[in-house]
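Asker: 3D model of this:
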Amino acid sequence: MPLVRVDLHDHHADLRPAMSEAIHSALVEGWGMPADDLFHVFRLHAPGDLFFSRTYPDADRSDVVIIQILAYNGYTPEAKQRGAALVVDRLAALGIPRDHVLIAITENGDGDWLAPAKEA
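Answerer: Modelled structure (predicted):
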């Protein structure tokens, strides 16, 4: 169950639904996760709230979209990179330059999640 947190400047506010769909569809396709496993948190920031390198690594960055993905361990490094690459591709299709995206994936395991099902 990935939990996705996206930090971005407030001028991207209108893109949140499309960004959520782009990120989610990329993880479903790239990671093979269930399509109904959707948990995203978007945090908007005023100019000056996000500090970032404009050039690392070999970038020409004037803005940044930071995506943190907390996932259950077990996805292969190849699957994680495939999903992340699809996220970048799909955000680029929305007009967000590739070098404006930073993705950090963190994993945890058994006992670290609780998402109760409905009561019977």
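Asker: hey, let's count contacts and neighbours off CA atoms from now on
Answerer: Will do.
Asker: Tell me which residues are up against stretch 51-62.
Answerer: D63, V64, D99, H100 (Cα atoms under 8 Å, 6 or more residues apart in numbering).
Asker: Which one of these is nearest to A79?
Answerer: Each of the contacts of stretch 51-62 was checked against A79 using Cα to Cα; the closest is D99, at 20.8 Å.
Asker: can you give me the strands in this structure?
Answerer: For the chain, strands defined by DSSP state E occupy the ranges 3-9, 40-45, 65-72, 101-108.
Asker: Including distance to P34, could these go into JSON lines?
Answerer: Converted to JSON lines, the strands of the chain look like this (distance: least, Cα to Cα, whole Å):
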{"stretch": "strand 3-9", "distance to P34": "13"}
{"stretch": "strand 40-45", "distance to P34": "15"}
{"stretch": "strand 65-72", "distance to P34": "13"}
{"stretch": "strand 101-108", "distance to P34": "17"}
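Asker: Using JSON lines, please lay out these together with distance to V28, mean pLDDT and mean neighbour count.
Answerer: Output for the strands of the chain, formatted as JSON lines (distance: least, Cα to Cα, whole Å; pLDDT from 0 to 100; neighbours: other Cα atoms under 10 Å):
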{"stretch": "strand 3-9", "distance to V28": "13", "mean pLDDT": "98", "mean neighbour count": "19"}
{"stretch": "strand 40-45", "distance to V28": "14", "mean pLDDT": "98", "mean neighbour count": "15"}
{"stretch": "strand 65-72", "distance to V28": "13", "mean pLDDT": "97", "mean neighbour count": "19"}
{"stretch": "strand 101-108", "distance to V28": "15", "mean pLDDT": "97", "mean neighbour count": "14"}
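Asker: Spatially central residue for the chain, please.
Answerer: Residue closest to the average C-alpha location in the chain (Cα atoms, centre = their mean): I67, at 3.9 Å.
Asker: got a list of what that one touches?
Answerer: I67 neighbours (Cα under 8 Å, 6+ apart): V4, R5, V6, D7, V101, L102, I103, A104.
Asker: what would these look like in JSON lines with distance to G83?
Answerer: Converted to JSON lines, the contacts of I67 look like this (distance: Cα to Cα, whole Å):
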{"residue": "V4", "distance to G83": "13"}
{"residue": "R5", "distance to G83": "15"}
{"residue": "V6", "distance to G83": "16"}
{"residue": "D7", "distance to G83": "19"}
{"residue": "V101", "distance to G83": "14"}
{"residue": "L102", "distance to G83": "13"}
{"residue": "I103", "distance to G83": "11"}
{"residue": "A104", "distance to G83": "12"}
